[in-house]
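>>> got a predicted model here, sequence first, then my questions.
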Amino acid sequence: MVKKILNAASWLGLVQVMNVLSVSILSIVVIRHTDPVQVSAYIYAVFITDAVMSYTLLQISQRITLAKDDALFKQLFAYSVRFGAVNALLAALIVAGVMLFSDKTAESQTLSYVAWLTAGNLANYFAQVCFSNCDYTFDYKSFGISSALSNVLSLAIAVAVFAFGGGILSMVLRDVARGIILLGLSLYSTRALLSQLREVTPLCRKSRFAFFGFLMKRHMLKVIEVSNHRVPALMISTGKLTSLGQFGVAFQLISQIMNVLTIAGDRLAYAFFSRGDRESKLKYLAAVVGIYALAGLTIFLFGERLFVLIYGERWFDSASTFSYLGLYLFTHGTLVVVTNYLLTEQRFAGIYLSWAGWTTAFIACYFFDRSWPIVTYYLTASAASFVLVLSVLFMGRGHHRAPSLA
């Protein structure tokens, strides 16, 4: 299992490093040379699109990963392809409705960003469903190569667009191109599996109900997560794109750093927690939390100078926000990895309690003092959920008499 973990981590590491490089290189160049108003419009479109799509798209691939044998995996995969098509259509209709009934003051350019980003998200959605076979087999080679290639090609397209005066549009096209290219490569990689779908025995009614039940439980958590991390920024900014942009640029950089850390804390952790023994899982969990703590402390101490060095003096107001988000990286990263552990233990009640604590703390802070900077709400709310999820974890350890984390 250790060999599988290291092999999986190496390929997932390639995925995240290439993704971070392609996003960071482009965003640094574009943001440094683009008017903050245009950058803020892009950030607004990203937040809106992510929120709407996350509310409607179910995380099918995580359910497939829990398959215990090849026959069940193929059944789940075949059903997921059909189920995903209906889910994607629903998501597209909801996005169209949001655009149709959006505030009349919203610029048509911003709404076009939402439309393009929706197309990219849907392509990435189906790509992840196809690549769920990598989660099942623990062999991420095809996913790693495809993801790296899609990042390189989409970055090349974006750089060309920016060189010819495309401005912030280059970042939008990068997101869309990456999703479409990744989808094409995923279909090619899983062509043998896709060709077998007609021969697969359909899931029985009971299995379909269990499939949908798990998705709804997982989706409820996703809704809470998005309500915690996208909607608050949109609500607190109250239409002030500049305020949202200042926070969004700092949040984007911290997210890219967190994406690298999720190699160990999210996808790989979930796959390992689905198969490892309890003692190994808890040791792995402790190691990941330690990594998040070290990274968060480093950003808190040195993040402000690093941010100004990367984005320039124009974004100086976002530098202190970025350094404070180092604390958020630690608390939220811990919340994610512990959540993945609890998911595989089927302890949904504790997960909901922890994530709902984020929302409750945010609402309390919002009514206590609405003049706080956006980052203050995020720090307070993530700290509350961090305490709750650790409480749930240790209460479970006491109940199951699990080994020490040390």
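Cool, the structure landed.

>>> when you work out contacts or count neighbours from here on, use the C-alpha atoms and nothing else.
Will do.

>>> show me where the stretch 101-250 of the chain has its helices.
Ranges of helices within the stretch 101-250 of the chain are 108-130, 132-137, 141-163, 169-189, 191-195, 205-229, 231-237, 241-262, based on DSSP state H, counting those that start in this stretch.

>>> quick one: buried residues of the fifth one?
By neighbour count, and taking 16 or more other Cα atoms under 10 Å as the criterion, the buried residues in helix 191-195 are residue 194.

>>> before we move on, back to that, ranking the helices of the stretch 101-250 of the chain by mean pLDDT, which is last?
In terms of mean pLDDT, the lowest-scoring of the helices of the stretch 101-250 of the chain is helix 231-237 (a mean of 64).

>>> coming back round to it: reformat the helices of the stretch 101-250 of the chain as JSON lines; add distance to residue 385.
Formatted as JSON lines, those follow (distance: least, Cα to Cα, whole Å):
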{"stretch": "helix 108-130", "distance to residue 385": "28"}
{"stretch": "helix 132-137", "distance to residue 385": "28"}
{"stretch": "helix 141-163", "distance to residue 385": "32"}
{"stretch": "helix 169-189", "distance to residue 385": "31"}
{"stretch": "helix 191-195", "distance to residue 385": "40"}
{"stretch": "helix 205-229", "distance to residue 385": "10"}
{"stretch": "helix 231-237", "distance to residue 385": "15"}
{"stretch": "helix 241-262", "distance to residue 385": "18"}
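
>>> residue 35 is nearest to which of those?
helix 241-262 (10.7 Å; Cα to Cα).

>>> next SSE downstream of that closest one?
helix 268-273 (DSSP states H and E).

>>> what helices or strands is that next one leaning on?
Counting contacts by 3 or more Cα pairs under 8 Å, 6 or more residues apart in numbering; DSSP states H and E, helix 268-273 is packed against helix 2-32, helix 319-344.

>>> repeat the analysis, applying 10 Å as the threshold.
Secondary-structure packing of helix 268-273 (3 or more Cα pairs under 10 Å, 6 or more residues apart in numbering; DSSP states H and E): helix 2-32, helix 60-65, helix 132-137, helix 278-311, helix 319-344.

>>> just the CA coordinates of it, formatted as PDB?
This file holds the C-alpha atoms of helix 268-273, laid out as PDB (Å, rounded to 0.1, in the frame of the first residue of the first chain):
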ATOM      1  CA  LEU A 268      -5.200  10.900  -2.200                       C
ATOM      2  CA  ALA A 269      -6.400  11.000   1.400                       C
ATOM      3  CA  TYR A 270      -9.900  10.000   0.500                       C
ATOM      4  CA  ALA A 271      -8.700   7.100  -1.600                       C
ATOM      5  CA  PHE A 272      -6.400   5.900   1.100                       C
ATOM      6  CA  PHE A 273      -8.900   6.300   3.900                       C
END
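
>>> now that helix: buried residues?
268, 269, 270, 271, 272, 273.
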